[in-house]
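Chemist: Provide a 3D model corresponding to the input given below.
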Amino acid sequence: MPQLERLCRDRGWEIVAVYSEDESAWKSGQQAELSKLLNQVKSHQKIFDIVLCWALDRMTRQGPSAILSLAHTFQLYGVRLISY
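Modeler: Predicted coordinates:
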């Protein structure tokens, strides 16, 4: 998203990866990109310190408790989750 890219540029953050789900992935309940991101974080393969998302409700459709769980997981592994 151009807005997120601009935010990174303005703050001097380097974009090292972009994770984006296809619309169909959301419909079928498969979030391959989110799973990939979480696996990299949990296995300490992360190449980033910040996960920037357009809106927290775009990370998952499972509601506020799932969003809080994701935020907590990122925090445990030293990754900040920032919503624009």
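
Chemist: grab the longest helix from the protein for me.
Modeler: Looking across the chain with DSSP state H, the single longest helix is helix 64-76.

Chemist: could you list the buried residues of that helix?
Modeler: 67, 70-71, 74 (16 or more other CB atoms under 10 Å). Backbone N, C-alpha and C define where each C-beta goes, glycine included.

Chemist: quick one: low-confidence parts of this structure?
Modeler: 23-29, 46 (pLDDT under 70).

Chemist: in it, mark out all the helices, start to finish.
Modeler: Under DSSP H, the chain gives helices at 2-11, 23-28, 32-42, 64-76.

Chemist: so can I have a markdown table of the ones you listed showing distance to Leu56?
Modeler: Output for those, formatted as a markdown table (distance: least, CB to CB, whole Å):
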| stretch | distance to Leu56 |
| --- | --- |
| helix 2-11 | 14 |
| helix 23-28 | 15 |
| helix 32-42 | 13 |
| helix 64-76 | 5 |
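
Chemist: excluding chain neighbours, what is closest to Phe48?
Modeler: The shortest distance from Phe48 to any non-neighbouring residue, by CB to CB, 6 or more residues apart in numbering, is to Val16 (5.3 Å).

Chemist: what's the local residue count around the one you found?
Modeler: Residues within reach of Val16, counting by other CB atoms under 10 Å, total 10.

Chemist: coming back round to it: out of the helices of the chain, which is closest to Asp57?
Modeler: Asp57 lies closest, by CB to CB, to one member of the helices of the chain: helix 64-76, at 7.0 Å.

Chemist: residue contacts, the residue minimising distance to the centre of the chain?
Modeler: Nearest to the geometric centre of the chain sits Val51, at 4.7 Å (CA atoms, centre = their mean). Going by CB atoms under 8 Å, 6 or more residues apart in numbering, Val51 touches 37, 74, 79-82.

Chemist: over to Gln45?
Modeler: Contacts of Gln45 by CB under 8 Å, 6+ apart are Asn39.

Chemist: how close does it sit to Ala17?
Modeler: 11 Å (CB to CB, to the nearest Å).

Chemist: circling back to that earlier point, now distance to Ala32 too, for the buried residues of helix 64-76, in a markdown table please.
Modeler: Listed next are those as a markdown table, based on distance: CB to CB, whole Å:
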| residue | distance to Ala32 |
| --- | --- |
| Ile67 | 19 |
| Leu70 | 15 |
| Ala71 | 20 |
| Phe74 | 18 |
